[in-house]
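**Q** need a structure here:
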Amino acid sequence: MIRTLMHGLAALGVALMPLAAPAPAQAAETLPLPEAVGSLQPAVESRDGYSRSAFRHWNRGDDPADGCNTRYEVLLDEAVEPPEVGDGCRLTGGRWFSYYDGVWVTSASGLDIDHMVPLAEAWDSGAYAWTAARREAYANDQGASTSLVAVTASSNRSKGDQDPSEWMPPAADVHCRYLVEWVGTKLRWSLTADDTELAALNSMATACPNWTVTYEPAA
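**A** The predicted model follows:
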């Protein structure tokens, strides 16, 4: 009888235990650009096994109920003059500014959504070891406004999968901004950088003494 009662109380105790609270989001951190570059972990890069299909995109976006996938949600968020949204998230009108090349765009079809750190570069820098779900989260990341950026198709395709040692935006006056967003994205996702990339980042960061990098680690 006593043993039965004790088992009952133990079961009740388990039943009444509160569920574990979800881990709190990590706080955002702000660093001077040179210090942020110094926080990147150096590593040798390898593209072995890479496939663009390993990063599922575009998915249903942050708001599946709006009928727009990630691409269109980013376009809507970055529009300087909002477009009209029709059935199937068809966009009509609107106006965007492509900061890579300083070009105004008045048709959504003329824009690409660029991954600030391209998918292939992310793979090289650590994403090869991620789960498929984490790679999907990376490829559709709207948790940081700088992870995905609407730019002209020509500038995005000129960039390709190159890092800042190989390509910088044609508009020279946005280079500091671009470095900040590149480094912030790498830190957000704990991506590494190879020696050539680090050397270029360190060299270019000296021209941006008053710029800071603010990032929040991805969950």
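**Q** check contacts around Glu181.
**A** Remark: with contacts taken as CB atoms under 8 Å, 6 or more residues apart in numbering, Glu181 is in contact with 116, 146, 149. Heads up, the C-betas are built off the backbone N, CA and C, glycines and all.
**Q** rerun that using 7 Å as the cut-off
**A** If you count contacts by CB atoms under 7 Å, 6 or more residues apart in numbering, Glu181 has them with 116, 146.
**Q** how about the strand or helix carrying it, which residues are buried there?
**A** Glu181 is part of helix 175-188, with elements assigned from DSSP states H and E. For helix 175-188, a neighbour-count test (16 or more other CB atoms under 10 Å) marks 176-188 as buried.
**Q** grab the two from the residues you listed that are most spread out in space.
**A** Cys176 and Arg188 (18.3 Å; CB to CB).
**Q** separation between His175 and Val37?
**A** When distances are taken as CB to CB, to the nearest Å, His175 and Val37 turn out to be 14 Å apart.
**Q** contact partners for the residue positioned nearest the centre of the chain?
**A** Compute the mean C-alpha point of the chain, and by CA atoms, centre = their mean the closest residue is Ser147, 3.0 Å away. With contacts defined as CB under 7 Å, 6+ apart, the neighbours of Ser147 are 116, 141, 185.
**Q** quick one: average confidence on the helix or strand just after the helix holding Glu181?
**A** Scanning the chain past helix 175-188 towards its C-terminal end, the next helix or strand to appear is helix 195-205 (assignment: DSSP H and E). Averaging pLDDT along helix 195-205 gives 98.
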